[in-house]
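J.: A structural model of the following input is requested.
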Amino acid sequence: MTKEFEQISINTICPVCNQTVSELWVAKLDSVIGVRYAYICINCKNLIRITKEKYLDADNLNQVDFSQLNPTGI
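T.: Numbers count the residues shown, from 1 in each chain. Purely as a prediction, here's the structure:
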């Protein structure tokens with residue numbers, strides 16, 4: 001697995017620490033399952049999201065809580 005880090009500018013609110021964020025760290029993770037991008041808050045150092053898309057807009061950073069997911073019939 002290879003990793004590359006870069007810093008991007010974005011204006012949003014971190015869903016973990018609820019602080020205004022002007023920059024995020026983006027880690028490119030290249031592995032056998034393909035390339036994924038991990039978005040990390042600069043303020044609280046928590047993982048915000050992992051996705052296949054390289055850059056997200058501010059509206060797509062919010063995570064979905066497990067309580068908001070529809071049950072699968074289990």
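
J.: what's opposite the spatially most central residue of the chain in the beta bridge?
T.: With distances taken as CA atoms, centre = their mean, residue 49 lies nearest the centre of the chain, 2.4 Å away. Applying DSSP bridges to residue 49 gives these bridge partners: residue 39.

J.: low-confidence bits of the chain, can you list those?
T.: Counting by pLDDT under 70, the chain contains low-confidence residues at 1-2, 55-74.

J.: helix or strand for residue 29, which one?
T.: Residue 29 belongs to strand 20-31 when elements are defined using DSSP states H and E.

J.: and that strand, what's buried?
T.: Within strand 20-31, the residues that qualify as buried by neighbour count (16 or more other CB atoms under 10 Å) are 21, 24-26. In this view, the C-beta of every residue, glycine as well, is placed from N, C-alpha and C.

J.: isn't the residue nearest to the centre of the chain right up against residue 41?
T.: No: in this structure, residue 49 is not within contact of residue 41 by CB atoms under 8 Å, at 10.2 Å.

J.: related to what we said a few turns ago, helices or strands next to the strand holding residue 29 in the packing?
T.: Counting by 3 or more CB pairs under 8 Å, 6 or more residues apart in numbering; DSSP states H and E, the packing neighbours recorded for strand 20-31 are strand 2-13, strand 34-41.
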